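[1] just a sequence and a predicted model for now, questions to come.
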Amino acid sequence: MMAYHFIAIASVYSRGIRMGWHYAEENRLDKAKIQYFLDAFKAKCGEQVLGIHKIVTHSKDWASVIEKDSFFQDVIAIDKIDEFINYVAMDKELLAYDVAKFMLSIVPMTHLKLQKMLYLTYADFLVKTGKKLFGENIVTYKYGPVIEEVFHKFRTYGSTPIDLQEDARYALSTDQKIITPSFMKIIVSEHGVLAAENVLETIDRYASLSAYDLVEITHAKNGPWDRIYRLGRNSIISDKVIKNYHYLVQNKAHIFLQKQNLL
């Protein structure tokens, strides 16, 4: 018996794994089914690159594929088209935690400073593009804007710098440069290179400042945090408020950086 296999592999960077849509037939592959898969994938996932493989084994089972070529050893095989596409599409949704991990992989910082950096990169991106960098809400805490999902992941660090080392098993080597999974998650997200450039600009501009310098900047009078904050309430700062009043934070940052001779 001979079995024909079609395998489409996508890297899911947020989880550090490879997933593959596996389709096999004993006689010949149905070209219409493969084309349906490719069209459905493109419609939901855009131009994300797939690794396409066709091999012949003695069985339709996935185990025969691994037996034939160890390249497929760590691939999680899925035979349902919708399930595979939904998994890959979810990876395009950028989370604040993804951005936080990327920032921390470049510059270790305290949790307080991380929260201000996340706010600044989100607000700058929103003002420049009209688009959300990530989907989580930004709320008002005593010391400034906070993304609560990130707050709960890193709160145990207190005032100690977070030195996050991403798992090297999931790093990609390109021309001897290490590309971290969190960076790749940003690159393959909806806004891709534009999002990555925005985050890098934030790091370049503010990384040398202390957490309390950034608190001072994000507390700009009549800025988004100042307008919404009420003692004892963790109120959401809407995108509309950020769009309308973030310029006051930017103005204060510009003046602050000038005084610090950082511009």
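    Received, thanks. Numbers count the residues shown, from 1 in each chain.

[2] buried stuff in the top helix by length along the chain?
    Looking across the chain with DSSP state H, the single longest helix is helix 239-259. Buried residues in helix 239-259, defined by neighbour count with 16 or more other CB atoms under 10 Å: 239, 241-242, 245-246, 248-250, 252-253, 256-257. Every residue, glycine included, has its C-beta placed from N, CA and C.

[3] tell me where the stretch 101-250 of the chain has helices.
    111-129, 148-154, 181-187, 192-206, 211-218, 224-228, 239-259 (DSSP state H, counting those that start in this stretch).

[4] reformat those helices as JSON lines; add distance to Q73 and mean pLDDT.
    Below are the helices of the stretch 101-250 of the chain laid out as JSON lines (distance: least, CB to CB, whole Å; pLDDT from 0 to 100):
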{"stretch": "helix 111-129", "distance to Q73": "36", "mean pLDDT": "97"}
{"stretch": "helix 148-154", "distance to Q73": "31", "mean pLDDT": "94"}
{"stretch": "helix 181-187", "distance to Q73": "19", "mean pLDDT": "79"}
{"stretch": "helix 192-206", "distance to Q73": "30", "mean pLDDT": "93"}
{"stretch": "helix 211-218", "distance to Q73": "44", "mean pLDDT": "96"}
{"stretch": "helix 224-228", "distance to Q73": "49", "mean pLDDT": "97"}
{"stretch": "helix 239-259", "distance to Q73": "44", "mean pLDDT": "94"}
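
[5] adding distance to V12, write those helices out as a markdown table.
    Putting these into a markdown table (distance: least, CB to CB, whole Å) gives the following:
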| stretch | distance to V12 |
| --- | --- |
| helix 111-129 | 23 |
| helix 148-154 | 20 |
| helix 181-187 | 9 |
| helix 192-206 | 16 |
| helix 211-218 | 33 |
| helix 224-228 | 34 |
| helix 239-259 | 28 |
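
[6] among those, which is nearest G51?
    G51 lies closest to helix 181-187 among those, at 14.7 Å (CB to CB).

[7] show me which residues of the closest one are buried.
    181-186.

[8] ok, stretch 203-214 next?
    Neighbour-count burial for stretch 203-214 [16+ other CB under 10 Å]: 203, 205-206, 209, 211, 213-214.

[9] now do the residue nearest to S208 when sequence neighbours are not counted, the pLDDT please.
    Excluding the flanking residues, the one nearest S208 by CB to CB, 6 or more residues apart in numbering is L262, at 6.5 Å. You'll see L262 listed with a pLDDT of 72.

[10] surely L262 is in a strand?
    No - read with DSSP: H, G, I helix; E, B strand; the rest coil, L262 is coil and lies in no strand.

[11] and whichever helix or strand I34 is part of, what does it pack against?
    Assigned by DSSP states H and E, I34 belongs to helix 31-45. Applying 3 or more CB pairs under 8 Å, 6 or more residues apart in numbering; DSSP states H and E, one finds that helix 31-45 contacts strand 3-12, strand 17-25, helix 81-91.

[12] can you put those in a markdown table and add mean pLDDT, mean neighbour count and distance to S59?
    Shown next, in a markdown table, are the helices and strands packed on helix 31-45 (pLDDT from 0 to 100; neighbours: other CB atoms under 10 Å; distance: least, CB to CB, whole Å):
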| stretch | mean pLDDT | mean neighbour count | distance to S59 |
| --- | --- | --- | --- |
| strand 3-12 | 93 | 20 | 5 |
| strand 17-25 | 93 | 19 | 8 |
| helix 81-91 | 87 | 16 | 21 |
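
[13] out of those, flag the one nearest T129.
    helix 81-91 (20.9 Å).

[14] just checking, I55 is part of a strand?
    Yes - using three-state DSSP, the assignment for I55 is a strand.

[15] that one touches D69, doesn't it?
    Yes - under the criterion of CB atoms under 8 Å, I55 makes contact with D69 at 6.7 Å.
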